[in-house]
Each structure stands twice: as C-alpha cells, then as structure tokens.
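# model this:
(2 chains)
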Amino acid sequence: MREITISKAINEAMFEEMRRDETVFLMGEDVAEAGHPFKFYDGLVEEFGTTRVIDTPIAEPGYMGIAVGSAMTGMRPVVDLMFGDFLYLVMDQLCNQAAKTHYMSGGKLSVPLVVHTNLGATRRSAAQHSQSLHALVAHIPGLKVALPSSAYETKGLMKTAIRDNNPVVVFHDKMAYQEKAHVPEEEYLLPFGQANVLREGSDVTLIGTSSMVRVCERAADMLAADGISAEVIDPRTIVPLDEETILASVRKTSRAIVVDEGHQSFGVTAEIASRINEKAFYHLDAPVIRLGAMDVPVPFSPVLEDKTVPSSEGVAEKARLICSGKLIHAL
Amino acid sequence: MPFEVRMPQLGMAQESGRLVAWLKAVGDRVTSDDPLMEVETDKTTVEVPAGADGVLAELRVVEDTDVAVGDVVAVIAAEGETVSPSAPAAPVEVEVLEAAETAPAETALPSEAPAVERDAATEVVDVPAPVPTTSKAAPPPRGTRILSSPKARRLALEQGVDLGSLVASGVPEPIHVRDLARASVPVPSPGPEPVAAPSSVTAPSLVTACCDSSAFDSFLTRASDEGGLVIEPHILVAGFAAAALRLTGAADQIVVSVETATKGRRISYLDPDLSRPSSPRLAAEDALPSIQILDLTGTRITSAIPAGASVPTVSIAGGGGHAFSLTLAFAGTVLTMDDAIGLLENLAERLEAPLRSLV
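Sure, this is the predicted structure:
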C-alpha cells in the first residue's frame, strides 16, 4: 500500500469531500492564494475557486461567526484555525452558538461545522502557539473532538467529520504533518467513537491520544525488551469516547497509563483514568497513572519545552513501576 | 488524629533509608521542627524533623533498621490525645524482627508500650468529661487494613483466600494478583502447628492466657460513678474480642456470640468493636458467630471449652479483684496457631488497658 503524509491526507480528504458535496467550503487565514504555512490546502483554490476556498482577514471571531451562520443555513463549512491556541478567540461562536444551536432550536437547526486545527508543543513556538486545548472543547456538550494520530486516521476521520451534522473540532499534531503512513487509494471513512488497538499486550494498557500514540508505541517497544507486554490504544476521538475498548483492555491487563499532551490537571488523562476507576475498579491491580503535559505555560527554551511533554522513557518508567508490585501512592 | 511519622524520601531513586538513631524518646514533647531521627541513605546521613507538634507516643522501628520509604516509623500524639494501640504494618514488623532476630518474636517494641499507656491514662484524667465512650464508632486502628490492589481483594474474596494469613505467612504488602498464587500452595506455618491429626475428629487447639483485671474493673466502676454509664462487662469483652479477631484479617463483619454462665443466656453482637459499648448492635438470630465467648466471671470455674466447637471459642474467667484467665479453643482449619496466639495476646492487652482500646 502507498504511504502518504498527514498533510497529503488532509489535502485528499478536502478534495474528495469538496468534489462530493458542493456545500462544503473552506475558510481561514492563508488557506487560498497566500499558501498555508502547513501546505495542506495546496491546489484547492485552483480547482474550487475563491468562493469555496476563502482567505479571511486575521479575525477569528468574525469568520467563525460566518461559518456557524452558514452551517445553520445549509452549508458545510470547514474552518481552519492555524493554531489551536486561537480557539480562545472563538469560544462564544463555537461553545455558545455552534454547540447549542441544535439543542436550543429543538432540533430544527443543526451546525455541520468542522473546525480544523492543531495541538502539540516542541515546535519552539512559545506559550501562545504550542498549547493542546482539546480538553477545553471536549468539556462542552454538543461538540465532537477527533484526534487523528496518523495519515490513515487523518483522512478517515476528516471525511467523517465533514459529513457529520454536528460541530466537530479536529486536532492534528502540528509536529506530525510530514509523518507518513499507509493510506488506501480507495475511499474510506473511519467511524467516530471507535478506538484503535495498535498492539495487543497482557501486562499494561497504554492509552495515548494524538501525538502521544507514537510515544506510547515507543514505550511499548522499550517495555517489550524488559519482558513487559504493553497494549497500546488510540481512542481516535475523545468525544465520543470508545469506553468499551479501553475498559475491555484494562480488564485484561489490570493496569493502565493514560497519556495525552494536554495539561495534566483537569484534562483528558483525568477523564479517562476516572472512567477506568469507576467502571473497572475491581479489575485494577495498580493505580491508574496519568501522564499529561506539565501544568505550566509551554516554555520557549527548547531544553525546558521538551521536558514539559510526556516522553516514551517516562511512560516506560511508570509502566515498570506499576508492574513491579511496589507500594505506590501510599503517602 | 495522631500524626504518623514516615520514612522520608531523601533522594530521587531512594527506596529505603536506614534509621540510624532516635533523637527523642517516647513521652518526649516535640515540635514540628525538632530533629526526631537520624536517617542514612546511600549518599548522606541527615537529621529528620518530627513534622508535627505533640508528644512522641510510639516508636515503631528500632535503631539500625532499614525502612522502606513511606513506612510509618513513629507516632506523635497531640496534647491530650491518646493513641489507639498500634499493630505495625506488616513490612515494618518483618524488618523489626529481622533486625532483632534473636529476640522472641513478640509484638514490636514491647518495652515502649507501657509508656504510651501511662501517657494515655494521665492525659485522660485531665479531660473534663471522662465519659469513656468512643466519640465516634471506633474505626479499626490504622495500619491494620491490609494493603491490596482492588483486583487482588476481589479475587481473594472469590477464591476464599484470606489476605491476613497471606501477610502473616510473609507475603509483603501491598498484595497483588500474583501474590494470591502463593496462597494456593500450602505455606508451611512458621508457628507450632498442632500435631497433625485427621482434621475432622480432632480435639481443638488451645491457647491460654492470664492477665490483670484491675484496670478493667476500675474502668467499669468509673464509667458508672463518674459517667453514669452502666456497661455490661461482657459487651466490653465482646468488643475487645472482635477488635482482636479483626487484626487477624477476619471478615469485614464480625459476629460475637456471648454466653454468660451466671445468667445462662446467649446474645450475639454485630461488630461490637465498632459500636458504643453502651448501645451495642445485636446480630441477626441466625447469624453465624465469628467467635464465641463463654463468660465465666463470677464463678469458680477457670476454663470451660465445649467439645466440637466449629468457631473459635474464648472462655474468660476471674475478674472482680482476681486476674482474668483466658482460654482460646480453635480448629486448625479456622485459625493458625500464630493467629490464635496473636488474638489472645491482643485480647489480654485490651482487657488490661480498656481505656486505650476504646479511646
């Protein structure tokens, strides 16, 4: 099978869906003639023109408002937010309007909107361009959150997001746009709420999202060398969350580590760990461990920045600890 | 709440520290910043502060012992506070025994215990209302709960594995699933197992003990004179027996059935160690007792054990100015000899210091 990058997967998903459905259009900063810094919209404006691929001013609240209104009235906008950090600018449009319109209109209106943005640190982009804010939107009922971790997930989840009748926020790992994976030539969609078990194991379940899926895979390699068999799960979407796959795995392995690049406190790791505690408590042979980003603004210093994000070594170390039978967390 | 002093983690990868010396003795008044102990790690020896203000109530570890990080090494009581009797967490106890292998394996640091008791007694006299009932249903003393993963606990329940006997056989806490496998292999009992006979038609094993009854008697007198509380002595005994049985890792619910020889009646109490002695909870009529007590006090009999008792049975005699005689009869299938000795010793301790047990 051919291998393509995540950028190319986004590009293909956009082409296919815009050709398939003429209500789909793209708007955002530098998505058309100027050329997007991450390059994944190349060729769209040439084929679909400036009425369907719209360059906006640097005015996120304004164009997000336009997108929400157009979605209510029959269009399927894809809004590019160049950095996930800009979500703060569109909170009212997204969380107060898009997320609640279907509910508050008694089902008469729906908002088939895709917000296309990213997460992840270690790009040396400093504290305002390095955040992972997916937990923030996952907290709001009415929004779906997809976290594709490879080119395969990217294309399949993007296409599903565009066809979904609800607002969906898709976060890419901004460090992974050039990573390649096998992607079929033929069309496919990936359903929301269906986790991917990347490898099976018997001793510990590593649940990693987005950028942390690779971190967990590398940790599993390290652990295999120590004779610890790790299962690696990528939830793919956190809203909806495939609880069943996670719980079934933890019931098998009795141990779990949840790894996510959002800040650790009040985040995705806390939510998933808590569900495991609630629903698989009597299957746990060790405390569920959370590994998120440090609760600090992302430093600009590269040395410090790298330390704020969970590492494979850190995951492997925690896994060894909870598999060791030692007393932990008793103080 | 008494403050538990734990072995601190002084280095990043440190798992244990050697307690080189105690800098305070039991009964000493300490403030939070006072150096309490000297701890040696791979890299350094440091003085560790007490961490709380109060009176040093208990030292759980002898000097020159390696202690795992996080284990309780001492207890500091607040002014006017009494400390419930401690059963040191198993790992600590094991280490203490290792450190003093030649010493008879009694409870850890027996020489320190009376000091605590004295403290407790003198402190309580100052308390304005000496009503000796517990202010809340006395929780089992901390440290007696066996540390175990939720899954190991569930599987132990399903498979009928007694976590307490696992710990007693030397399996370190916390118990994990893999440790349960050790229970399925018969563990050679470290204690003098009764000389094996076919388990069905065998005579019960016996342990007897003798202890002072004066504190028990004066406690009842004071409760009634000063607190206006009339407490049936046998309810107190039932509570102490339940508490002692609980320490052996018995089930969550303990039913104590008491037969009083002089009154010729039998009453069953539910968890009498967790309720006020003045308002005990009765167990259901058909509840299977966890332990039976035959109250012979006020008679000239010193011991009576019915044949074929399937549950551990304690007869208690004496009292009223005389020492208590205690006899525990049990089947080897229900209790190990070690557990039985521990149970009776603990019961005797409680009878000798009822206030300490209750407060």
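# Does residue B:177 touch residue A:255 like I think?
No - Residue B:177 is not in contact with residue A:255 according to CB atoms under 8 Å; the separation is 10.3 Å. For the C-beta atoms, the positions are set from N, CA and C on the backbone; glycine is no exception.
# okay, the two: which has more neighbours?
Using other CB atoms under 10 Å in any protein chain shown, the more surrounded residue of residue B:177 and residue A:255 is residue A:255, with 27 against 20.
# Please list all residues in contact with the more buried one.
A:203, A:204, A:205, A:284, A:285, A:286, A:288, A:319, A:322, A:323 (CB atoms under 8 Å, 6 or more residues apart in numbering or on different chains).
# change it to 6 Å
By CB atoms under 6 Å, 6 or more residues apart in numbering or on different chains, residue A:255 lies in contact with A:204, A:285, A:286, A:322.
# ok, now residue A:234?
Residues near residue A:234 by CB under 6 Å, 6+ apart: A:149, A:196, A:198, A:213.
# Find residues that contact each of residue B:177 and residue A:255.
When contacts are counted by CB under 6 Å, 6+ apart, residue B:177 and residue A:255 are jointly contacted by residue A:285.
# So which of the contacts of residue A:234 are in helices?
Using DSSP state H, the subset of the contacts of residue A:234 located in helices is residue A:213.
# Check the contacts of residue A:234 one by one and keep those near chain B.
Contacts with chain B within the contacts of residue A:234, as defined by CB under 6 Å from any CB of the partner chain: none are present.
# okay, now the closest residue to residue A:212 other than its chain neighbours: neighbour count?
Nearest non-adjacent residue to residue A:212, counting by CB to CB, 6 or more residues apart in numbering or on different chains: residue A:259, 4.2 Å away. By other CB under 10 Å, 30 other residues sit near residue A:259.
# Residue A:291 is in contact with residue A:259, correct?
Yes - using CB atoms under 6 Å, residue A:259 makes contact with residue A:291 at a distance of 4.6 Å.
# for the stretch 51-200 of chain B, what are the low-confidence residue spans?
Applying pLDDT under 70 to the stretch 51-200 of chain B flags residues B:82-144, B:184-200.
# go with 80
Counting by pLDDT under 80, the stretch 51-200 of chain B has low-confidence residues at B:79-144, B:181-200.
# how about the residues of it near chain A?
Applying CB under 6 Å from any CB, we find that the stretch 51-200 of chain B lies next to chain A at B:70, B:149, B:150, B:151, B:154, B:174, B:176, B:177.
# and the two most separated of those?
Farthest pair in those (CB to CB) is B:70 and B:154. Separation: 24.5 Å.
# Now flag whichever of the contacts of residue A:255 is closest to residue B:346.
So of the contacts of residue A:255, ranked by how close each gets to residue B:346 (CB to CB), first place is residue A:285, at 31.1 Å.
# Next one: the closest one relative to chain B, how far apart?
Separation of residue A:285 from chain B (CB to the nearest CB, to the nearest Å): 4 Å.
# excluding its backbone neighbours, what's nearest that residue?
Closest to residue A:285 by CB to CB, 6+ apart is residue A:254, at 3.8 Å.
# Could you point out the helix or strand that follows the strand of greatest length in chain B?
For chain B, the strand that runs over the most residues, judged by DSSP state E, is strand B:322-330. Counting by DSSP states H and E, the element after strand B:322-330 in chain order, helix or strand, is helix B:337-352.
# got the domain boundaries for chain A?
Per automatic domain parsing, the structural domains of chain A span A:3-182, A:196-323.
# is it possible to export these to a markdown table including mean pLDDT?
Formatted as a markdown table, those follow (pLDDT from 0 to 100):
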| stretch | mean pLDDT |
| --- | --- |
| domain A:3-182 | 96 |
| domain A:196-323 | 97 |
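# For the closest residue in space to residue B:22 that isn't next to it in sequence, grab the count of nearby residues.
With CB to CB, 6+ apart as the criterion, residue B:22 has its nearest non-adjacent residue at 5.6 Å, and that residue is residue B:37. Counted with other CB under 10 Å, the neighbours of residue B:37 add up to 25.
# Same question for residue A:247.
For residue A:247, the count of nearby residues is 18 (other CB under 10 Å).
# element containing it, please.
helix A:243-253.
# And chain B, is that helix touching that?
No - on the criterion CB under 6 Å from any CB, helix A:243-253 is out of touch with chain B, staying 9.3 Å away.
# what comes up buried for the longest strand of chain B?
Buried residues in strand B:322-330, defined by neighbour count with 16 or more other CB atoms under 10 Å in any protein chain shown: B:323, B:324, B:325, B:326, B:327, B:328, B:329, B:330.
# again, but for stretch A:88-103
Within stretch A:88-103, the residues that qualify as buried by neighbour count (16+ other CB under 10 Å) are A:89, A:90, A:93, A:94, A:95, A:97, A:98, A:99, A:100, A:101, A:102.
# Contacts only, for the first one.
Spelled out, it's residue A:89. Contacts of residue A:89 by CB under 6 Å, 6+ apart are A:60, A:61.
# how close does it sit to residue B:32?
Using CB to CB, to the nearest Å, residue A:89 is found at 49 Å from residue B:32.
# Equivalent analysis for the second one, please.
Summarising the geometry, the distance separating residue A:90 from residue B:32, computed by CB to CB, is 51 Å.
# hang on, the earlier thing: and the residue nearest to residue A:212, which of the three is it?
The three-state label given to residue A:259 by DSSP: H, G, I helix; E, B strand; the rest coil is strand.
# so it bridges to which residues?
Assessed by DSSP bridges, residue A:259 has beta-bridge partners residue A:208, residue A:291.
# quick one: it from residue A:230, how far?
Distance from residue A:259 to residue A:230, by CB to CB: 12 Å.
# swap in residue A:172?
According to CB to CB, residue A:172 and residue A:230 sit 25 Å apart.
# Residue A:283 too?
Taken as CB to CB, the span from residue A:283 to residue A:230 is 17 Å.
# out of the two, which sits in the more crowded spot?
Set residue A:283 next to residue A:230 and count neighbours by other CB under 10 Å: residue A:230 wins out with 27 against 22.
# Excluding chain neighbours, what is closest to that one?
Counting by CB to CB, 6+ apart, residue A:230 lies nearest to residue A:220, which is 3.9 Å off, once chain neighbours are set aside.
# May I ask which helix or strand encompasses the one you found?
If you go by DSSP H and E, residue A:220 is part of helix A:212-225.
# Next secondary structure element downstream of that helix?
That would be, after helix A:212-225 and using DSSP H and E, strand A:230-234.
# what separates that next one from the chain centre, distance-wise?
16 Å (CA atoms, centre = their mean, to the nearest Å).
# Sheet-wise, list the partners of it with their directions.
When DSSP bridges is applied, strand A:230-234 pairs with strand A:196-199 (antiparallel), strand A:204-208 (parallel).
# just the CA coordinates of the first one, formatted as CSV?
Spelled out, it's strand A:196-199. Presented in CSV, the C-alpha positions along strand A:196-199 are these (Å, rounded to 0.1, in the frame of the first residue of the first chain):
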residue,chain,number,x,y,z
ASN,A,196,-7.8,1.5,17.5
VAL,A,197,-5.8,-1.1,19.3
LEU,A,198,-2.4,-0.7,17.8
ARG,A,199,-0.8,-3.6,19.5
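# So what touches it?
A:232, A:233, A:234, A:236.
# Quick one: the strands in chain A, in order.
Remark: strands assigned in chain A by DSSP E are A:3-5, A:24-28, A:53-55, A:76-80, A:114-119, A:144-146, A:168-173, A:180-182, A:196-199, A:204-208, A:230-234, A:237-239, A:256-263, A:289-293.
# Check which helices and strands the longest one sits against.
Strand A:256-263 is packed against strand A:204-208, helix A:212-225, helix A:268-280, strand A:289-293, helix A:312-323, with contacts defined by 3 or more CB pairs under 6 Å, 6 or more residues apart in numbering or on different chains; DSSP states H and E.
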